[in-house]
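Novice: the following block contains a protein sequence and its predicted model.
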Amino acid sequence: MNNVQPMDPDWLEFHPDPKKPYFQLPEGAVDAHCHVFGPSAEFPFAPERKYTPCDASKKKLYALRDHLGFARNVIVQATCHGKDNRAMIDACRSSGDLARGIASVGVDITENDIAEMHEAGVRGVRFNFVKRLVDDTPKEVFLSVADKIKNFGWHIVVYFEAQDLEGLEPFLKQLPTTVVVDHMGRPDVAKGVNHSDFQRFVRLMTENENIWSKVTCPERLSLQGPPYDDVVAFYAEIVRGFPDRVLWGTDWPHPNMKSHMPDDGLLVDYIPRIAPTPELQRKLLIDNPMRLYWS
Ligand code: 0GY
C-alpha cells in the first residue's frame, strides 16, 4: 500500500448527499463524463499533477450512478493521474461491462498497450490543452497518438477553452477520428450565444461532421450559479443543431470547482431544460453514447 496523499487545502469535496432527481432518466442512460480519483493509497496521483484531489473511488461513482438512475458510465482519465491509467482501467474492468474509459497516453504507447486497454473497456484518448491542468504537449505527439489509436476505432476527446479554439482549429480538422469536445469548448457565458466566439464553435461542428460536443458542466460555465439559467441557451443551441453528436455527463467528482459544489441530482434535473423532448433526451443519453462506446 502507498501513503494517502492529502488533498489540497482549498479542495472542494463532491456533494455528500445529492438529491433524487425529479427528472426520471430513460432506462439505459449513460453518464458520459465522470472521473475516479485514486483512492490514492491504492492508485497514487501522478508526480506531475497540478492538483491533489480528495479520493473519489469507483465504489462511490457506481453508488451515485444507481442513486441518480444511470445505467452506465464513461470514465475520463483525470489529469491528477497523469498517464497512469490504472485507477480508470480498474474501475472499467470491475464494472461488468457497464463502464468505458478514455485514457491519457504518451507517444510511446504501443499497439499491444492499446489492445490491452481496449479489452478493459477503453475507447479513446484525451488531448488536454487547458494550461492550468497540464504542461504543453507538442502537436506532433498528439498526431502520432491519433495515428496509432485510429485503427482500433477509438476516438479523441479534446479539452480546451474558448479563447484557444481559433488557434486549435487547423489541428482539430487534421484529426482522423471522431473528436468529442469537452464542455462545448468552455464558452464565455458573459459574451452570449450570438458572440463570434461561440458561433465559431457552432460553425466548427456544422462544417465537420466528425466533431461532437459534450453538453456538460453548467456549474463550471455559469456566472450566476445554480440553477444555471444563464447557460441553458448555449446547450439548447448545440443539442437542437446536432442532436446525433451530443453527450451528457455529470463530471462527478467535479475537479477544481471553487465557487460551489453542485448537487448531482440538480444537474440531472437540468437535462430537460437543454434537451426538451423525449427524442432529444434519448439521443443524448442513450443512442449517441451507446453508438460511440458500446457498439
Ligand atoms: C473536467 C474538468 C476539469 C478537470 C479535469 O482531468 C482533469 O483534471 O478534466 C477542470 O478542472 O476544468 O472535465 O473534469
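Specialist: On my side now, so go ahead. Numbers count the residues shown, from 1 in each chain.
Novice: quick one: stretch 42-59 near the ligand?
Specialist: No - applying C-beta under 6 Å from any ligand atom, one finds stretch 42-59 separated from the ligand by no less than 7.1 Å. For every residue, glycine as well, the C-beta is placed using N, CA and C.
Novice: so how far is that stretch from its chain's centroid?
Specialist: Centroid displacement of stretch 42-59 relative to its chain, using C-alpha atoms, centre = their mean, to the nearest Å, is 17 Å.
Novice: numbering from 46 from now on, please.
Specialist: Okay, using 46 as the starting number, the last item reads as stretch 87-104.
Novice: buried set for that stretch?
Specialist: Buried residues in stretch 87-104, counting neighbours by 16 or more other C-beta atoms under 10 Å, are found at 88-90, 94, 96-103.
Novice: am I right that Ser267 is in contact with Phe279?
Specialist: No - counting by C-beta atoms under 8 Å, Ser267 stays clear of Phe279, with 10.1 Å between them.
Novice: re the thing from before, give me the subset of the buried residues of stretch 87-104 that lies in helices.
Specialist: Among these, the members found in helices (DSSP state H) are Lys103.
Novice: could the buried residues of stretch 87-104 be laid out in CSV, adding pLDDT?
Specialist: Shown next, in CSV, are the buried residues of stretch 87-104 (pLDDT from 0 to 100):
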residue, pLDDT
Phe88, 98
Pro89, 97
Phe90, 98
Arg94, 98
Tyr96, 98
Thr97, 98
Pro98, 98
Cys99, 98
Asp100, 98
Ala101, 98
Ser102, 98
Lys103, 98
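Novice: which one among the buried residues of stretch 87-104 gets closest to the ligand?
Specialist: Tyr96 (7.1 Å; C-beta to the nearest ligand atom).
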